[in-house]
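Peer 1: Dropping the sequence and predicted coords here.
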Amino acid sequence: QQQVKQSPQSLIVQKGGIPIINCAYENTAFDYFPWYQQFPGKGPALLIAIRPDVSEKKEGRFTISFNKSAKQFSLHIMDSQPGDSATYFCAASITGANNLFFGTGTRLTVIP
Amino acid sequence: NAGVMQNPRHLVRRRGQEARLRCSPMKGHSHVYWYRQLPEEGLKFMVYLQKENIIDESGMPKERFSAEFPKEGPSILRIQQVVRGDSAAYFCASSPWRPGIPPSGFFGPGTRLTVT
């Protein structure tokens, strides 16, 4: 079964808008939550990651919000640009484990 | 400093043929992870290897799939007698440390396998 559920499947925003992508998980043992950006024909690239001891993390225009009690986390992209158009994946893992569990991805289109 | 290299980038095989996918980790990295991405889906873990050892193959299909990471040379993911359902993008990632933290930043560009 899907360990990490991601929504929406696709998202279209105007330049300057703030797209929000949401993920939810069930396994409370997860303790590392990265987000990846993937352009067509490329591999995923780590964008930003958070651990559950903080509720928010910002890196540049990207912010992760984390709600431990709800078992949800989300990615916000401030002042979005056409160059941000890509597929975004959330993921989760357990420290000491060997793999990441990925969401199904959100295809973001930023219209100029 | 080259990133993770994968080749070929695109591979077309007929049903029943063998597919060999290669992954050269980043310099200094001794751990390799393989993931598979089916169309419109997220990546799914297949296998984790370090030099000459398979550490975790819990995500590998039981038949037809095998992986190795020899002392010298790239890691190889081998799929025997390919079927249409094997069509996917196969990504590898590498890391320089023990798996306390999964590979968070170093994915290769992928090999897109098409089975006709």
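Peer 2: All right, it came through fine.

Peer 1: So, low pLDDT: which residues of chain A?
Peer 2: The model of chain A has pLDDT under 70 over residues A:1.

Peer 1: Quick check: residues of chain A near chain B?
Peer 2: A:4, A:6, A:32, A:34, A:36, A:41-46, A:49, A:89, A:91, A:93, A:95-105 (CB under 8 Å from any CB of the partner chain). Glycine gets a C-beta too; all of them are placed from N, C-alpha and C.

Peer 1: From B:Gln80, how far off is the spatially most central residue of chain B?
Peer 2: Against the mean C-alpha coordinate of chain B, by CA atoms, centre = their mean, the closest residue is B:Trp34 at 3.5 Å. B:Trp34 sits 16 Å away from B:Gln80, going by CB to CB, to the nearest Å.

Peer 1: B:Thr111 too?
Peer 2: Taking CB to CB, one finds B:Thr111 at 16 Å from B:Gln80.

Peer 1: ok, the residue nearest to A:Gln9 when sequence neighbours are not counted - contacts?
Peer 2: Spatial nearest neighbour of A:Gln9, excluding adjacent residues (CB to CB, 6 or more residues apart in numbering or on different chains): A:Thr106 at 6.5 Å. For A:Thr106, the contacting residues are A:Gln6, A:Ser7, A:Pro8, A:Gln9, A:Ser10, A:Leu11, A:Ile21, A:Thr87, A:Tyr88, A:Phe89, by CB atoms under 8 Å, 6 or more residues apart in numbering or on different chains.

Peer 1: Next: A:Ile18.
Peer 2: Residues near A:Ile18 by CB under 8 Å, 6+ apart: A:His76, A:Ile77, A:Met78, A:Asp79, A:Ser80.

Peer 1: Recalculate using a threshold of 10 Å.
Peer 2: Contact analysis of A:Ile18 by CB atoms under 10 Å, 6 or more residues apart in numbering or on different chains lists A:Arg61, A:Thr63, A:His76, A:Ile77, A:Met78, A:Asp79, A:Ser80.

Peer 1: Name whatever forms a beta bridge with B:Ala88.
Peer 2: Beta-bridge pairing for B:Ala88 (DSSP bridges): B:Leu113.

Peer 1: How about A:Arg107: which residues does it bridge to?
Peer 2: On the basis of DSSP bridges, A:Arg107 is bridged to A:Ser10, A:Thr87.

Peer 1: neighbours around it, how many?
Peer 2: Around A:Arg107 there are 16 other residues, counting by other CB atoms under 10 Å in any protein chain shown.

Peer 1: Surely it is in contact with A:Thr87?
Peer 2: Yes. Between A:Arg107 and A:Thr87 there is a contact at 5.0 Å, judged by CB atoms under 10 Å.

Peer 1: any shared contact partners between these two?
Peer 2: Common neighbours of A:Arg107 and A:Thr87 (criterion: CB under 10 Å, 6+ apart): A:Ser10, A:Gln38, A:Pro40, B:Glu40.

Peer 1: Which one of those is nearest to B:Met26?
Peer 2: Nearest to B:Met26, judged by CB to CB, of the shared contacts of A:Arg107 and A:Thr87 is A:Gln38 at 18.4 Å.

Peer 1: Please list all residues in contact with that closest one.
Peer 2: Residues near A:Gln38 by CB under 10 Å, 6+ apart: A:44-45, A:47, A:86-89, A:105, A:107, B:37, B:42-43, B:89, B:91, B:107, B:110.

Peer 1: quick one: buried residues of stretch A:20-36?
Peer 2: A:Ile21, A:Asn22, A:Cys23, A:Ala24, A:Tyr25, A:Phe30, A:Tyr32, A:Phe33, A:Pro34, A:Trp35, A:Tyr36 (16 or more other CB atoms under 10 Å in any protein chain shown).
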